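> Any chance you could fold what I've pasted below:
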Amino acid sequence: MIIKDLHHMSEIDYTVSDGYDVAQTAICFLYQFVGHTVHEIYGKDRKGKEITIKLACYREVDSFISLLRNRPDRRGTVVESIDFAEYKALPMDPVNCFEHEQTDYTKYDELVDALQLSALELAILNCYMNGIVQSEVCAELGIDRGRINSRKASIRQRYYSLYGAY
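I've put the predicted structure just below:
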């Protein structure tokens with residue numbers, strides 16, 4: 001895919017990766033203003049006129065495009081376009097990457113119910129199931145290591161008596 005600079009009628013072609021670089025320049029510029037609106041005042045230009053964050057971003061991107069346009073390695077280079085008609089790298093119906101798969105905890109819940117744990121044992125088990133290390137469990141529950149280790153042994157013994165060694 002080629003993006004032609006029609007404004008200056010130049011013969012220089014830009015690739016898709018250059019487009020990503022331009023977008024990244026805008027993103028990096030705007031990232032420093034998270035929580036602000038683009039209509040807020042960024043500062044003043046050389047003439048003393050106030051400019052918004054939006055206009056400052058446009059100017060930053062325009063400056064980057066000018067650098068791309070004037071790169072010495074671009075002079076006389078012609079990039080061929082890609083025919084996407086037969087391009088099959090992407091699936092026709094892409095999976096929504098923002099949807100998180102829901103984990104089914106029913107088997108875990110049945111196991112825990114069968115163990116008939118006390119409130120403290122259940123809290124300790126949940127801490128470990130969430131990946132918390134022993135020192136953090138001590139701090140979270142306000143108990144010492146010996147008590148945690150004895151409760152873990154009790155949980156383990158109940159599990160072995162019900163289900164055998166794994």
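> Output the longest helix belonging to the chain.
helix 145-163 (DSSP state H).
> in that helix, what's buried?
148, 151-152, 154-155, 159 (16 or more other C-beta atoms under 10 Å). (Glycine included, C-beta is placed from N, CA and C.)
> Now that Gln134 has come up, it's in contact with Arg145, right?
Yes - with contacts counted by C-beta atoms under 8 Å, Gln134 reaches Arg145, the gap being 6.4 Å.
> And Thr52, its phi and psi?
Backbone geometry at Thr52, expressed as degrees, to the nearest 10, gives phi -80, psi 170.
> ok, which stretches of this protein are helices?
Using DSSP H, helices in the chain cover 16-31, 53-69, 106-115, 119-129, 134-141, 145-163.
> Put together CSV for the ones you listed, with mean pLDDT and distance to Gly43 on each row.
Output for the helices of the chain, formatted as CSV (pLDDT from 0 to 100; distance: least, C-beta to C-beta, whole Å):
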stretch, mean pLDDT, distance to Gly43
helix 16-31, 84, 13
helix 53-69, 87, 7
helix 106-115, 91, 55
helix 119-129, 92, 50
helix 134-141, 91, 45
helix 145-163, 92, 56
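> and these as JSON lines, adding distance to Ile41?
As requested, these are exported to JSON lines (distance: least, C-beta to C-beta, whole Å):
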{"stretch": "helix 16-31", "distance to Ile41": "15"}
{"stretch": "helix 53-69", "distance to Ile41": "8"}
{"stretch": "helix 106-115", "distance to Ile41": "54"}
{"stretch": "helix 119-129", "distance to Ile41": "49"}
{"stretch": "helix 134-141", "distance to Ile41": "45"}
{"stretch": "helix 145-163", "distance to Ile41": "56"}
